[in-house]
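> what would the 3D arrangement of this be:
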Amino acid sequence: MDPTEYKTLHETSMQNNNGTTPLDVFLHIAPSFFTTFHTVQLVSAASIVHVPTRFLLEFSLIVVPFVLFVTVLHPMVLNITVTMALVTVVSVVHQMRLKTHFAPFVQIPGRKPQFMSAARALINLMTAVCILAVDFRIFPRELAKTETFGFGLMDVGVGLYVFSNGIVYRVSPEQRLSWKRVGEVLLGSC
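Model (predicted):
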């Protein structure tokens, strides 16, 4: 197949995509947050401090499942999400009874909340996986970017990416208006 034929084939496979439902997009996003919750619990309970071990655990429990959710496990995403939600509820209730839920969620004063870092990491992971996977046939077309209107995982990824950067944006204190500042604004150097 020459490059022109390949380009034409690729463009026709991307046309007329109206996406999927908001629920379907949510069902693809939610399991990653459940797997992150359970990974934090496992790392905390097992007191894993060895960095390579922790990396392998987090990679195999967070990254690999998400790649599977948006590829081969796509048809079963409803069952997976409901099951993970139930397991998470049972886990939270169990921890509340045993009062073991405080340790991994204690916020250290002066440090940014770790859930923000985890949420930003998941959003970046989802965005990167979708951008890379969209060119392969195994990636469901309804999760790809929509052409005119509709919902797709890639469309939501754009908004989540902006959101993830917005939650850590620090507003600077108001600067006094001076003639130098007016000149900078007029010249566009701000």
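> make it CA atoms for all contacts and neighbour counts henceforth
OK.
> what segments of this protein are helices?
3-14, 22-46, 51-58, 64-69, 77-98, 114-133, 153-166, 179-187 (DSSP state H).
> nearest to T146, of those helices?
Closest to T146 of these, according to Cα to Cα: helix 153-166, at 7.1 Å.
> which other helices and strands contact that closest one?
helix 22-46, helix 114-133 (3 or more Cα pairs under 8 Å, 6 or more residues apart in numbering; DSSP states H and E).
> rank the ones you listed by pLDDT, which is bottom?
When the helices and strands packed on helix 153-166 are compared by mean pLDDT, helix 114-133 comes last with a mean of 85.
> how about a markdown table for the helices of the chain, with distance to L143 added?
Compiled in a markdown table, the helices of the chain are given as follows (distance: least, Cα to Cα, whole Å):
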| stretch | distance to L143 |
| --- | --- |
| helix 3-14 | 11 |
| helix 22-46 | 7 |
| helix 51-58 | 25 |
| helix 64-69 | 11 |
| helix 77-98 | 13 |
| helix 114-133 | 8 |
| helix 153-166 | 5 |
| helix 179-187 | 42 |
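> TSV for the helices and strands packed on helix 153-166, including mean neighbour count and distance to M154?
Listed next are the helices and strands packed on helix 153-166 as TSV, based on neighbours: other Cα atoms under 10 Å; distance: least, Cα to Cα, whole Å:
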stretch	mean neighbour count	distance to M154
helix 22-46	17	9
helix 114-133	17	6
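> report the central residue of this protein.
Centroid-nearest residue in the chain, with Cα atoms, centre = their mean: I123, separated by 2.5 Å.
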